[in-house]
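Participant: Only the shape, not the letters, is given here:
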């Protein structure tokens, strides 16, 4: 098995882990009435989901994963995008269920920080899924370090050189 296949398998496995963890929470919440003990278990499970998403987002920005995704066939990218789409949908259900069980007083404060993390992470997973789904164009894949460098260059551009000023002055 090549390094590319191993990296793609790891991305698929971590994506499936997110879906399974979120699905477990949704089924636990739907199965029985919510008690304080159940709230505690749900909160611990949400922490597991947050950790799984964090690991996935860190992994997808590593140089090995980017190399694997750039070399992946359209079918492999489509498969991974479907899995990410499933994880995104399951997290959307988790968000809705968590909002439903945390509507009142203390429970809202208890869940709010975790819910915000999941919502933000779910947006990122959705963006990754749609980028991988687009078969017409190849996505620009950057490591986290490259993303920060590009963002810094866009937010704080350097002063133009004297030659560049002359060129723009002629136009």
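Facilitator: Great, that's in hand. Since the structure is predicted, the reported quantities are computational estimates derived from the model, not experimental observations.

Participant: Identify each buried residue in the one helix or strand residue 80 maps to, please.
Facilitator: Here residue 80, judged by DSSP states H and E, is contained in helix 74-101. Going by neighbour count (16 or more other Cβ atoms under 10 Å), the buried part of helix 74-101 is 76-77, 79-81, 83-91, 94, 97-98, 101. Glycine gets a C-beta too; all of them are placed from N, C-alpha and C.

Participant: Spatially nearest residue to the most centrally placed residue in the chain, not counting backbone neighbours?
Facilitator: Centroid check for the chain by Cα atoms, centre = their mean gives residue 125 as the closest residue, at 3.1 Å. In space, residue 125 comes closest to residue 88 once its chain neighbours are excluded; the distance is 4.9 Å by Cβ to Cβ, 6 or more residues apart in numbering.

Participant: Look up how far residue 132 lies from the one you found.
Facilitator: Between residue 88 and residue 132 the computed distance is 12 Å (Cβ to Cβ, to the nearest Å).

Participant: Please enumerate the strands of the protein.
Facilitator: Counting by DSSP state E, one finds no strands in the chain.

Participant: any idea how far residue 112 is from residue 99?
Facilitator: For residue 99, the distance to residue 112 - Cβ to Cβ - is 10 Å.

Participant: To clarify, my last question referred to residue 158.
Facilitator: Plainly put, residue 158 is 41 Å away from residue 112 if you go by Cβ to Cβ.

Participant: who has more neighbours, the two?
Facilitator: residue 112 (12 against 6; other Cβ atoms under 10 Å).

Participant: Name all residues that make contact with that one.
Facilitator: The neighbours of residue 112, taking Cβ atoms under 8 Å, 6 or more residues apart in numbering as the test, are residue 102.

Participant: Quick one, grab the pLDDT at it.
Facilitator: Reported pLDDT at residue 112 in the predicted model: 79.

Participant: And it, how far from residue 89?
Facilitator: Relative to residue 89, residue 112 is positioned 23 Å away (Cβ to Cβ).

Participant: Ok, residue 53 next?
Facilitator: On the measure of Cβ to Cβ, residue 53 and residue 89 end up 14 Å apart.

Participant: And for residue 148?
Facilitator: Applying Cβ to Cβ, the value for residue 148 to residue 89 is 30 Å.

Participant: quick one: contacts of stretch 85-92?
Facilitator: Here stretch 85-92 makes contact (Cβ under 8 Å, 6+ apart) with 15-16, 18-19, 22-23, 26, 49, 53, 118, 121-122, 125-126, 129, 133.

Participant: what's the closest of those residues to residue 63?
Facilitator: For these, the closest approach to residue 63 (Cβ to Cβ) belongs to residue 15, at 19.1 Å.
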